[in-house]
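> Okay, here's the prediction I keep looking at, along with the sequence it came from:
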Amino acid sequence: METKKVLSRENVATEELQETVFKNYKGIELTYTEVYYLDYEVNEDTGIINKEKKVKHYTKNQVNRNLQALKSAYLVAKGAAAPYEIIKFRNRYHIAASTLSVVLGFSKNTISNIENYGVTSLPSGRLIKMCINNTGIMNQYVELCDFIDKNKKDELFRKFQKHD
Amino acid sequence: MTELPYTVDNIKLIQEFIKETRIRIANGISITFTSKASAELEDLMLEYDITTDDIEHTILNLTPENYYRGIDLSGKADFNVCAFRAFVGNDNIEIYLKYGLEANNLQILIFSNHIPNFSMSQPFKN
């Protein structure tokens, strides 16, 4: 698998690396995967580079991705749906991400974005979790959805019924 | 880190440091973080929803009045490092912000961005 490259201080292409991070925040154990690259350590008081030791560094883009992963882990710990739970639900009932999105009242790409990048809001994450754990609610939202036709609705009802 | 005395030359020096930072960012140089700074920003994000853009915005809006400590005037350092008392995010959270500008290249490296553990003076603020 090809990994991303980051330019080091000396303009040399270096690998983007990954590591599992365990963080305790207000008594909650959070686990997420962070990305980083290695570059020579800089003493923050003297400003001198230590050419003997490489340590973790982060580009702005990497920090953004890490913050997003951490936030998602935090929201999942607080009761939001995890991306894998949504994927599992969709696979079980064979529902497209865009269909699930509009049934739940989101815009078409929301579920796909959450599956790829994690949850960004606790209320929506909790709503999704509640819905995917209760096909009764799902049936109701399918019935009320204005963005799918009757055939599609019937198909979804059958899928929910078949697996219950 | 040393505290520079309040003189015209030193204010000019900090002005130049801030100006150089703005030029680098305007030219597309992205800020980078040490491991410690990244972990600190995680806490700021979880507690106050602070993002990298908020930190960059704060950096772009620094003035010499925000100065706290630095710069090493010996000219031997690979990075010119300076610390500021700054405010970040919509709620203007006070932070200790320390970053360095690579002397012979263009990197902007954030060393610290956290809630101060002590009351910070602003020696260039009269």
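Yes, it's here.
> all contacts plus neighbour counts: C-alpha atoms, from now on.
Will do.
> Tell me who's in contact with the spatially most central residue of chain A.
Central residue of chain A (Cα atoms, centre = their mean): A:G118, 1.7 Å from the mean position. Applying Cα atoms under 8 Å, 6 or more residues apart in numbering or on different chains, we find A:G118 in contact with A:68-69, A:72-73, A:82-83.
> Can you list phi and psi of the spatially most distant residue from the centre of chain A for me?
For chain A, the C-alpha farthest from the mean C-alpha position belongs to A:T46; by Cα atoms, centre = their mean, that distance is 38.9 Å. Main-chain torsions, A:T46, degrees, to the nearest 10: phi -100, psi -20.
> the strands in the chain, which residues?
You didn't say which chain, so I picked chain A. A:5-7, A:13-15, A:17-25, A:28-42, A:49-59 (DSSP state E).
> please go with chain B instead
Counting by DSSP E, the strands of chain B are B:31-34, B:67-70, B:79-88, B:93-102, B:108-114.
> so which of those comes closest to A:V103?
Nearest to A:V103, of all the strands of chain B, is strand B:79-88, at 38.4 Å by Cα to Cα.
> roughly how far out does the closest one sit from the chain middle?
Centroid separation for strand B:79-88 versus its chain: 2 Å, with Cα atoms, centre = their mean, to the nearest Å.
> cool, stretch A:33-51 as well?
So, by Cα atoms, centre = their mean, the centroid of stretch A:33-51 is 28 Å from its chain's centroid.
> Can you give me the end-to-end span of stretch B:114-126?
24 Å (Cα to Cα, to the nearest Å).
> ok, and does it reach over to chain A?
No. Residues of stretch B:114-126 are not located near chain A by Cα under 8 Å from any Cα of the partner chain, the shortest gap being 14.7 Å.
> For that stretch, list every residue counted as buried.
Buried positions in stretch B:114-126, judged by neighbour count with 16 or more other Cα atoms under 10 Å in any protein chain shown: B:114-115, B:122-124.
> Over to stretch A:77-86?
Buried-residue list, stretch A:77-86, by 16+ other Cα under 10 Å: A:80-83, A:86.
> okay, the residue lying closest to A:V35 once chain neighbours are set aside: pLDDT?
The shortest distance from A:V35 to any non-neighbouring residue, by Cα to Cα, 6 or more residues apart in numbering or on different chains, is to A:Q18 (4.5 Å). Among the per-residue scores, A:Q18 holds a pLDDT of 96.
> Report the contact partners of A:Q18.
Counted by Cα under 8 Å, 6+ apart, A:Q18 has contacts A:33-36.
> same question, A:A69
By Cα under 8 Å, 6+ apart, the contact list for A:A69 reads A:32-34, A:117-118.
> Could you turn the buried ones of these into a ChimeraX selection?
In ChimeraX, this line selects whichever of these come out buried by 16+ other Cα under 10 Å:
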select /A:32,34,118
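> The closest residue in space to A:N109 that isn't next to it in sequence: how many residues sit nearby?
Using Cα to Cα, 6+ apart and skipping residues adjacent in sequence, the residue nearest A:N109 is A:S98, 6.0 Å away. Neighbour count for A:S98, taken as other Cα atoms under 10 Å in any protein chain shown: 15.
> which residues sit in contact with A:S98?
Here A:S98 is in contact with A:108-112 (Cα under 8 Å, 6+ apart).
> how does it look with 7 Å?
Counting by Cα atoms under 7 Å, 6 or more residues apart in numbering or on different chains, A:S98 touches A:108-109, A:111.
> and what of B:N126?
If a contact means Cα under 7 Å, 6+ apart, then B:N126 has no contacts.
> so how far is chain A from it?
Here B:N126 is placed at a distance of 26 Å from chain A (Cα to the nearest Cα, to the nearest Å).
> Let me know the pLDDT of that residue.
For B:N126, pLDDT reads 72.
> how about the longest helix seen in chain A: buried residues?
Across chain A, the longest stretch assigned as helix under DSSP state H is helix A:60-77. Using 16+ other Cα under 10 Å as the test for burial, helix A:60-77 gives A:60, A:62-76.
> And for stretch B:35-46?
Per 16+ other Cα under 10 Å, stretch B:35-46 contains these buried residues: B:35-45.
> What is the nearest of those to B:I11?
So of those, ranked by how close each gets to B:I11 (Cα to Cα), first place is B:A37, at 26.2 Å.
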